[in-house]
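Visitor: pasting the sequence and the predicted model now:
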Amino acid sequence: MAHFMPLSDAVAQNLKSGDTAAFEGFTHLIPHAAAHEALRQGVKDLTLVRMTPDLVYDQMIGMGAVRKLIFSYAGNPGVGLLRRLRDSVENGWPHRIEIEEHSHAAMANAYEAGAAGLPFAVLRGYKGADLARVNPNIKHITCPFTGEELAAVPAIRPDVSFIHAQKADRKGNVLIEGIVGVQKEAVLAAKRAVVTVEEVVDELHAHPNACVLPGWTVSAISVVPGGAHPSYAHGYYPRDNASYIAWDRIASDRDSFLAWMKANVLEAAPQDFAGRVSHLRSAA
């Protein structure tokens with residue numbers, strides 16, 4: 001059952017060095033505050049999983065917290081590449097991470113398989129693609145009913161999944177609105193799940209087709225207004241496009257990257273996120 005606690009406690013109780021962790025969000029509701037807290041606590045040797053690694057994974061890789069990345073796209077949306085990820089892969093700074101690349105379809109199916117307790121996912125995919133040549137975790141099997149050759153990938157079962165959401169009620173049920181990626185599947189597939197939310201309410205007032213995670217699927221809930229910044233939270237604040245543009249310059253140089261991380265992550269606190277979105281709320 002979900003327990004309400006400060007983010008520092010939620011991370012300390014649920015994330016350990018060496019874990020496989022997913023910080024999921026698809027264009028919005030990206031759990032930046034949770035990832036920053038993980039960095040402040042000095043966790044290392046992580047296997048990070050995410051369909052669309054962007055700024056926050058670039059930060060975690062650049063700070064040396066990552067051993068392996070399992071993903072299906074990596075980039076600074078609308079801007080370009082991830083410079084810390086590229087520096088790690090190409091130059092081994094601060095060390096060379098292992099990468100396992102998939103398609104979006106494979107990642108989504110792998111999360112669903114993990115949520116269902118299955119050992120692998122089966123999909124029509126990778127035909128005519130070369131990813132299988134560089135990713136030994138892409139296999140091919142023959143359908144026992146039709147004889148069709150299909151792709152198979154291991155189920156994704158994180159030790160812990162982190163997501164950000166709009167609100168939770170006092171029973172620990174969580175409401176996700178707007179664009180939904182694989183947050184639900186990431187939570188259901190994980191051994192533990194931590195959710196940061198904009199607010200806690202008496203009633204969710206969810207419409208019939210809303211994505212609601214019942215309290216028994218969540219380990220910990222932390223109230224962190226603005227916790228998705230610089231991504232957006234539907235109904236609360238828009239995307240901070242200026243931050244994404246600025247990141248390309250910040251991350252292009254190792255020294256400027258480290259200075260920014262020290263000032264804005266290592267020496268910052270979760271409550272700082274509320275201040276970061278204060279000027280965005282009025283524009284929403």
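Guide: Alright, I've got the coordinates.
Visitor: quick one: average pLDDT of the one helix or strand Phe257 maps to?
Guide: With the criterion set as DSSP states H and E, the secondary-structure element containing Phe257 is helix 254-261. For helix 254-261, the mean pLDDT works out to 98.
Visitor: other residues contacting the helix or strand bottoming out on mean pLDDT in the chain?
Guide: Each helix and strand of the chain was given a mean pLDDT (mean pLDDT, DSSP states H and E); the minimum falls on helix 278-281 at a mean of 77. Outside helix 278-281, the residues that touch it by C-beta atoms under 8 Å, 6 or more residues apart in numbering are 226, 229, 236-238, 240. Heads up, the C-betas are built off the backbone N, CA and C, glycines and all.
Visitor: do the same with stretch 68-87
Guide: Contacts to stretch 68-87, defined as C-beta under 8 Å, 6+ apart, come from residues 27, 46-55, 57-59, 61-62, 93, 97-104, 106-107, 156, 241, 244-245, 247-248, 251-252, 254, 257.
Visitor: the strands in the chain, which residues?
Guide: Taking DSSP state E as the test, the strands found in the chain are 3-4, 20-23, 46-50, 66-71, 98-101, 120-123, 139-142, 149-154, 160-169, 174-176, 192-201, 211-213, 220-223.
Visitor: domain-wise, how is this protein divided?
Guide: 3-101+157-275, 104-154 (automatic domain parsing).
Visitor: take the ones you listed and lay them out in TSV including mean neighbour count.
Guide: TSV is the format used below for these (neighbours: other C-beta atoms under 10 Å):
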stretch	mean neighbour count
domain 3-101+157-275	19
domain 104-154	16
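Visitor: just how off-centre is stretch 73-84 within its chain?
Guide: The chain centroid and the centroid of stretch 73-84 are separated by 15 Å, computed with C-alpha atoms, centre = their mean, to the nearest Å.
Visitor: over to stretch 68-80?
Guide: The mean C-alpha position of stretch 68-80 is separated from the chain mean by 11 Å, C-alpha atoms, centre = their mean.
Visitor: stretch 252-259 now?
Guide: Put simply, stretch 252-259 sits 23 Å off its chain's centre (C-alpha atoms, centre = their mean).
Visitor: tell me the contacts of the residue nearest to Leu7 when sequence neighbours are not counted?
Guide: Nearest non-adjacent residue to Leu7, counting by C-beta to C-beta, 6 or more residues apart in numbering: Ser222, 4.0 Å away. For Ser222, the residues meeting the contact criterion (C-beta under 8 Å, 6+ apart) are 4-7, 10, 34, 194-197, 270.
Visitor: separation between Ser222 and Asn135?
Guide: The gap separating Ser222 from Asn135 is 35 Å, by C-beta to C-beta, to the nearest Å.
Visitor: can you check Leu213 too?
Guide: According to C-beta to C-beta, Leu213 stands 30 Å off from Asn135.
Visitor: Phe145 now?
Guide: When distances are taken as C-beta to C-beta, Phe145 and Asn135 turn out to be 27 Å apart.
Visitor: picking that back up, inside helices: which ones of the contacts of stretch 68-87?
Guide: Counting by DSSP state H, the part of the contacts of stretch 68-87 found in helices is 55, 57-59, 61-62, 104, 106-107, 241, 244-245, 247-248, 251, 254, 257.
Visitor: can you list the buried residues in the least confident helix or strand of the chain?
Guide: Along helix 278-281, these residues count as buried under the neighbour rule (16 or more other C-beta atoms under 10 Å): Leu280.
Visitor: dump that helix to CSV, restricted to CA.
Guide: In CSV, the C-alpha atoms belonging to helix 278-281 read as follows (Å, rounded to 0.1, in the frame of the first residue of the first chain):
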residue,chain,number,x,y,z
SER,A,278,5.9,29.5,-10.7
HIS,A,279,6.3,31.8,-13.8
LEU,A,280,5.0,29.0,-16.0
ARG,A,281,1.8,28.5,-14.1
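Visitor: double-check Glu148 against Thr142; I have them as touching.
Guide: Yes: checked against C-beta atoms under 8 Å, the pair Glu148 and Thr142 is within contact range at 7.3 Å.
Visitor: distance to Glu185 and pLDDT for the contacts of Ser222 - can I get that in CSV?
Guide: Formatted as CSV, the entries for the contacts of Ser222 read as follows, by distance: C-beta to C-beta, whole Å; pLDDT from 0 to 100:
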residue, distance to Glu185, pLDDT
Phe4, 24, 98
Met5, 24, 98
Pro6, 27, 97
Leu7, 23, 97
Ala10, 21, 98
Ala34, 18, 98
Val194, 16, 98
Val195, 14, 98
Thr196, 18, 98
Val197, 19, 98
Pro270, 26, 76
